[in-house]
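> Generate coordinates for the sequence data below:
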Amino acid sequence: MQIQVKTDSHIKGSTRLIHEVETVVERALHRFGDRVTRVDVHLSDQNSGDKSGDDDKRCVMEARLARHQPITVSHRSASWEQAVEGAADTLQETLTRIVTRKQTLFKRRARAQASLAAGDSLLERDATVIDYEGS
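Numbers count the residues shown, from 1 in each chain. Here you go, the predicted structure:
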């Protein structure tokens, strides 16, 4: 999984910040393995650098899954650490829901195909019995 961290002009994109963001994202999304190919993380200060207030730090995460449209989530908080944690949690929940739905759909299709295959063998057997009785 490739992780790209981008900041606006009000947040200094230090190596420490990038490392901490990557650690949070990897911890939150490790169970998805190779399904997530890339995560873009955008950090911004909504009120600029000279003011502070509640929910003025924003983190937007965009995850790219193999064979899926990108998934985007965001979280606002008083600190960038809380914003990153919140966005990572939301992204983890969203990906879990998407993967679970996909697995459920796959299982339903497999059961339907197995049911059709079983039905085909019964039809073949019934056709053989009818041909035998008709001869």
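
> Leaving out chain neighbours, which residue sits closest to the residue nearest to the spatial centre of the chain?
Central residue of the chain (Cα atoms, centre = their mean): L95, 2.7 Å from the mean position. Spatial nearest neighbour of L95, excluding adjacent residues (Cβ to Cβ, 6 or more residues apart in numbering): F32 at 5.8 Å. Using the backbone N, CA and C atoms, a C-beta is placed for each residue, glycine as well.

> Name the SS class of the one you found, please.
helix (DSSP: H, G, I helix; E, B strand; the rest coil).

> that older thread, so which strand or helix has the residue nearest to the centre of the chain?
Secondary structure from DSSP states H and E places L95 in helix 80-134.

> Likewise for Q4?
Element membership of Q4, judged by DSSP H and E, is strand 2-7.

> Next, the buried residues of that strand.
Buried residues in strand 2-7, counted by 16 or more other Cβ atoms under 10 Å: 3, 5, 7.

> Could you give the average pLDDT over the helix holding L95?
Computed over helix 80-134, the mean pLDDT rounds to 76.

> Which other helices and strands does the strand holding Q4 contact?
helix 15-29, strand 36-45 (3 or more Cβ pairs under 8 Å, 6 or more residues apart in numbering; DSSP states H and E).

> mind saving the C-alpha coords of that strand as CSV?
Backbone C-alpha positions of strand 2-7 (Å, rounded to 0.1, in the frame of the first residue of the first chain) are rendered in CSV as follows:
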residue,chain,number,x,y,z
GLN,A,2,1.4,3.3,-1.0
ILE,A,3,0.6,6.3,1.3
GLN,A,4,1.0,9.9,0.1
VAL,A,5,0.7,12.8,2.6
LYS,A,6,0.0,16.3,1.4
THR,A,7,-0.4,19.4,3.6
